[in-house]
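> With the sequence up front, the predicted model follows.
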Amino acid sequence: MDEIGAVTSFLSGVGFGGVITFLIKHFLEQKSKLKEMWLLDYKASCDGLLDAYREVALTNSEEALKKYAYWELKLRLYASDSVFEKLQEMKDSPPSTAAREDAQHALLREMRKDLGFGR
C-alpha cells in the first residue's frame, strides 16, 4: 500500500504538470488546425465567388448565375456580416459604374480583413 501511495504521490507531483502541459498543447494545436482549415475553405469560397462573378460578367448565362448563387451561399458559412453588406452593395450598384467599382474594392477589402490580411 505504501508503494501505491508513493507512486501516486510521484505521478501527481511530477506528472500532473506534464499532463496539464500536454492538454494545453493539444488544445492549441487543435485550435490551430481548425483555424487553418477554416482559412483554406474561406479562401476557396472567395476564389469561387470571384471566378463565378467573372463568368457572370462575361456570359450572364443561367449556368453562371447558378454557380454564382452557389458560391455566395457557400461563402455564408465563413464570411463576416460586413462581407455580405459589401456584397449586397455591389449587387445593388449599376454595372460598369464608379459605384460598382467602389463596391468591388470595398468587398475585396472586407474579404481580406476576414482572411487576416487587412486592417
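Everything's here; your move.
> I'd like the next helix or strand past the longest helix seen in the chain.
Longest helix in the chain, counting residues (DSSP state H): helix 16-59. Per DSSP states H and E, the first helix or strand lying C-terminal to helix 16-59 is helix 62-75.
> and that next one, what does it pack onto?
Packing partners of helix 62-75 (3 or more CB pairs under 8 Å, 6 or more residues apart in numbering; DSSP states H and E): helix 16-59, helix 81-92. Every residue, glycine included, has its C-beta placed from N, CA and C.
> circling back to that earlier point, in terms of contact count, name the helices or strands touching the longest helix of the chain.
Counting by 3+ CB pairs under 8 Å, 6+ apart, helix 16-59 packs on helix 62-75, helix 98-115.
> would JSON lines of the ones you listed with mean pLDDT and mean neighbour count be doable?
As requested, the helices and strands packed on helix 16-59 are arranged in JSON lines below (pLDDT from 0 to 100; neighbours: other CB atoms under 10 Å):
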{"stretch": "helix 62-75", "mean pLDDT": "95", "mean neighbour count": "15"}
{"stretch": "helix 98-115", "mean pLDDT": "93", "mean neighbour count": "16"}
